[in-house]
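*Asks:* need a structure here:
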Amino acid sequence: MNTPAPAPNRSSGPTTARRWARRKEARRQELVAAALGHFIRDGYHAARLDDIARSANVSKGTVYLYFADKEALFKAVIRENLSPVLAEGEDLISRHQGSTAELLQCLFGGWWEMMGKSPAAGLAKLVMAESARFPNLARFYYDEVIARADALFRRAIQQGIDRGEFRAAALAPTTAALTAPMVFLMMWNHSFGTCVTREFSPEAFIDSYVNLALFGLVKRPDDATLPLASGVCEMAAAELAERLHSATQDPA
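*Replies:* The predicted model follows:
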């Protein structure tokens, strides 16, 4: 009597390997998501790997299968939450067919929809708060996020200048001026926005801000230079300094 051949083990082979790879990546994403919540709520220094592991329903030892330490986990949180937003902005500049003014509106609006509304927007506040204690993490955030965002907006502004849509402007201070209000919006949303009852619409803020920015950027036929000549600022500053000096010398 012949012994029947054993049935094939359906739990092994390429299918199982793929399923395990998917589960391994999913668990990593669960750890990153849990870490984001703890970092935003507790701060970097106070966040504990034990608590992050518990929130992800794994043991603390499992965390070390994916990340060498808390710093590596924090860097993964930054990269996986913010890098895709920046990549989308870079791609938008490459494929945008309309005016550069419309491009800026899309960049700011898309930034709010993809990142500004999300918990990841609180990472800017966290890094600012803990930069003195952890300068290496602040530098990492600068290199991965701030410098890349700066390059993105420089590229957009330069495109507008090259097309003759924007007046010539120094790129470094212009991009800083453009991005600073967006940092304010993130700070407001994760600070005062949680406890102040004042009606504040981020979408309305962005619309007003973009209009204000474009009013100063869009080239008009009768406006070849800035309304205020550069020498006027120096004269006003000198006059103010003289008045302050006179006030301090006044015996009365």
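*Asks:* From now on I want contacts and neighbour counts done on CA atoms only, so please keep to that.
*Replies:* OK.
*Asks:* Please list the residues outside the helix or strand containing Leu123 that contact it.
*Replies:* In this structure, Leu123 is located in helix 122-130 according to DSSP states H and E. With contacts defined as Cα atoms under 8 Å, 6 or more residues apart in numbering, helix 122-130 is touched by 39-40, 43-45, 78, 137-138, 141, 183, 186-187, 190.
*Asks:* one more time with 6 Å
*Replies:* The contact list for helix 122-130 (Cα atoms under 6 Å, 6 or more residues apart in numbering) reads Ala138.
*Asks:* mind listing what's buried in it?
*Replies:* The neighbour-count check on helix 122-130 (16 or more other Cα atoms under 10 Å) flags Gly122, Leu123, Ala124, Lys125, Leu126, Val127 as buried.
*Asks:* Need the CA coordinates for it. PDB is fine.
*Replies:* C-alpha atoms of helix 122-130 as PDB (Å, rounded to 0.1, in the frame of the first residue of the first chain):
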ATOM      1  CA  GLY A 122       3.700  69.900  15.500                       C
ATOM      2  CA  LEU A 123       7.200  68.700  14.800                       C
ATOM      3  CA  ALA A 124       8.400  72.300  14.000                       C
ATOM      4  CA  LYS A 125       7.300  73.400  17.500                       C
ATOM      5  CA  LEU A 126       8.900  70.400  19.100                       C
ATOM      6  CA  VAL A 127      12.300  71.000  17.400                       C
ATOM      7  CA  MET A 128      12.300  74.700  18.300                       C
ATOM      8  CA  ALA A 129      11.500  73.900  21.900                       C
ATOM      9  CA  GLU A 130      14.200  71.300  22.300                       C
END
